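S.K.: Sequence and predicted model, in that order:
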There are 2 protein chains.
Amino acid sequence: MRIIVVGGTGTIGTAVVELLSARHDVIVAGRRSGEIQVNISSPESVRSMYRRIGSFDALACAAGEAHFGPFETMTEEDLALGIHSKLLGQMRLVLLGRSLIADGGSFTLISGYIFDEPIPEATSFAVANGGVEGFVRAAALSLERRVRINAVSPGLAQDSYEQFGPFNPGRTPVPMVEIASAFGRSIEASSTGEIIRAW
Amino acid sequence: MRIIVVGGTGTIGTAVVELLSARHDVIVAGRRSGEIQVNISSPESVRSMYRRIGSFDALACAAGEAHFGPFETMTEEDLALGIHSKLLGQMRLVLLGRSLIADGGSFTLISGYIFDEPIPEATSFAVANGGVEGFVRAAALSLERRVRINAVSPGLAQDSYEQFGPFNPGRTPVPMVEIASAFGRSIEASSTGEIIRAW
């Protein structure tokens, strides 16, 4: 399969690319690195990526920013980052890519454990993740040509544990291969509208 | 208690106001009707509402718009309505009201069954509802002075059944008093960070 991995040079994306590359033709898209540059916050940047790539069989997204910081001082402007990047950015990949994806292809977006089990500093991630999960469940009802859509909800990734472990007391990190496998399952198995929890 | 009901003249808000008025001082806020006009999509309008009301014990929101229409033709601009009104508008009520609410007060936002059990025409509602539920769970960890926050997730309201029943084959409508009682429970009981399902 010809698979686009958006955020393919990030912590989770690297593991996804490594897993998929063994048996697929993987196109690595990144904000500032990778084969193709894309900023999912920009409709024009997403359109440009799709123009360069043309048709594809699957898109997996491991990209999307959101505000990380105390709730007490969080403003509407802080919330806007997650809404425009992790939430709207990922939905944009689907809306603009749905006419280019092959019959029976799949979109895999990323949410995260923070929706189900939040921490105070990541309110903006909880919002974006919830929105993404709602989008995935609803879009699965309507995508045509047997195109599927799922979300992977990773736990705290092993490779992010040094940075974010202190904000997550008592949380066991999830091995990178387990998170990558959840993306693999979304792409290679048959489900649609599923939230695949990797934690 | 002094309780603000935003959207208090709408289908669900009317039932909430009726239930609460029997034993509380209720301030009805509406887009174009009610005692106070407020458009939750506008930060300035929300600030103006709070300036007029001053301190309060509880705020319940039964307001918030989102796009309703087929997924096939849905654009990013269509999604923006739900994001700016039902999602960001409700979070704004909390961010701008948290300094004015009384010790031990409560915010009650509205999500909806569409997040858990979507219908094709309401993708934008699924997105907004998921975002609201993530916000509520996360914000509950951080609100100070024993201030609580919950979301009510109503099913298909009895009084909306004539309009939306045809889009919801096989779904049983929920009596208005059951939905209003879920708001009452959020306001008068002790839980926080809860998604109270009324369906």
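M.R.: Yes, it's here. Residues are numbered from 1 along each chain as shown, chains lettered A, B, ... in the order given.

S.K.: what's in contact with the lowest-mean-pLDDT helix or strand in chain A?
M.R.: None of the helices or strands of chain A scores lower by mean pLDDT, DSSP states H and E than helix A:76-82, at a mean of 95. Residues outside helix A:76-82 that contact it (CB atoms under 8 Å, 6 or more residues apart in numbering or on different chains): A:64-67, A:69, A:123-125, A:127-128, B:43, B:88, B:91-92, B:95. To be clear about C-beta, it is placed using only N, CA and C from the backbone, and glycine gets the same treatment.

S.K.: can you name the two of these that are farthest apart?
M.R.: A:64 and B:43 (24.4 Å; CB to CB).

S.K.: Adjacent strands (with direction) for the lengthiest strand in chain A?
M.R.: Ordering each strand of chain A by length in residues (DSSP state E) puts strand A:101-110 first. Sheet pairing for strand A:101-110, assigned by DSSP bridges, gives strand A:56-61 (parallel), strand A:148-154 (parallel).

S.K.: which of the residues in it are buried?
M.R.: By 16 or more other CB atoms under 10 Å in any protein chain shown, the buried positions in strand A:101-110 come out as A:101, A:105-110.

S.K.: which residues are in contact with that strand?
M.R.: Contacts of strand A:101-110 (CB under 8 Å, 6+ apart): A:7, A:12, A:55-64, A:86, A:90, A:93-94, A:97-98, A:132, A:135-136, A:145-154, A:183, A:186-187, A:192.

S.K.: Weed out the non-buried ones from the residues you listed.
M.R.: A:7, A:12, A:56-64, A:86, A:90, A:93-94, A:97-98, A:132, A:135-136, A:147-154, A:183, A:186-187, A:192.

S.K.: Residues in a beta bridge with the spatially most central residue of chain A, which ones?
M.R.: Centroid-nearest residue in chain A: residue A:110, 2.9 Å away (criterion: CA atoms, centre = their mean). Beta-bridge pairing for residue A:110 (DSSP bridges): residue A:152.

S.K.: Kindly provide the distance from it to chain B.
M.R.: According to CB to the nearest CB, to the nearest Å, residue A:110 stands 14 Å off from chain B.

S.K.: ditto for residue A:55
M.R.: Taking CB to the nearest CB, one finds residue A:55 at 19 Å from chain B.

S.K.: Please apply the same query to residue A:66.
M.R.: Taking CB to the nearest CB, one finds residue A:66 at 11 Å from chain B.

S.K.: Using just helix, strand and coil, how would you label that residue?
M.R.: coil (DSSP: H, G, I helix; E, B strand; the rest coil).

S.K.: residues near it, how many?
M.R.: Using other CB atoms under 10 Å in any protein chain shown, residue A:66 has 24 neighbouring residues.

S.K.: Report pLDDT for it.
M.R.: Per-residue confidence (pLDDT) for residue A:66: 97.

S.K.: just checking, it touches residue A:128?
M.R.: Yes. Using CB atoms under 8 Å, residue A:66 makes contact with residue A:128 at a distance of 5.1 Å.

S.K.: Overlap in contacts, the two.
M.R.: What both residue A:66 and residue A:128 touch, as defined by CB under 8 Å, 6+ apart, is the set A:82, A:85-86.

S.K.: out of these, who's nearest residue B:26?
M.R.: residue A:82 (33.5 Å).

S.K.: Setting the sequence-adjacent residues aside, check what's closest to the closest one.
M.R.: Leaving aside its chain neighbours, residue A:82 sits nearest to residue A:66 (3.0 Å; criterion: CB to CB, 6 or more residues apart in numbering or on different chains).

S.K.: Which other helices and strands does the longest helix seen in chain A contact?
M.R.: Longest among the helix segments of chain A by residue count, using DSSP state H, is helix A:123-139. Where contact means 3 or more CB pairs under 8 Å, 6 or more residues apart in numbering or on different chains; DSSP states H and E, helix A:123-139 is packed against helix A:76-82, helix A:88-97, strand A:101-110, strand A:148-154, strand A:195-198, helix B:123-139.

S.K.: Distance to residue B:197 for the ones you listed - can I get that in JSON lines?
M.R.: Below are the helices and strands packed on helix A:123-139 laid out as JSON lines (distance: least, CB to CB, whole Å):
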{"stretch": "helix A:76-82", "distance to residue B:197": "25"}
{"stretch": "helix A:88-97", "distance to residue B:197": "25"}
{"stretch": "strand A:101-110", "distance to residue B:197": "25"}
{"stretch": "strand A:148-154", "distance to residue B:197": "20"}
{"stretch": "strand A:195-198", "distance to residue B:197": "18"}
{"stretch": "helix B:123-139", "distance to residue B:197": "10"}
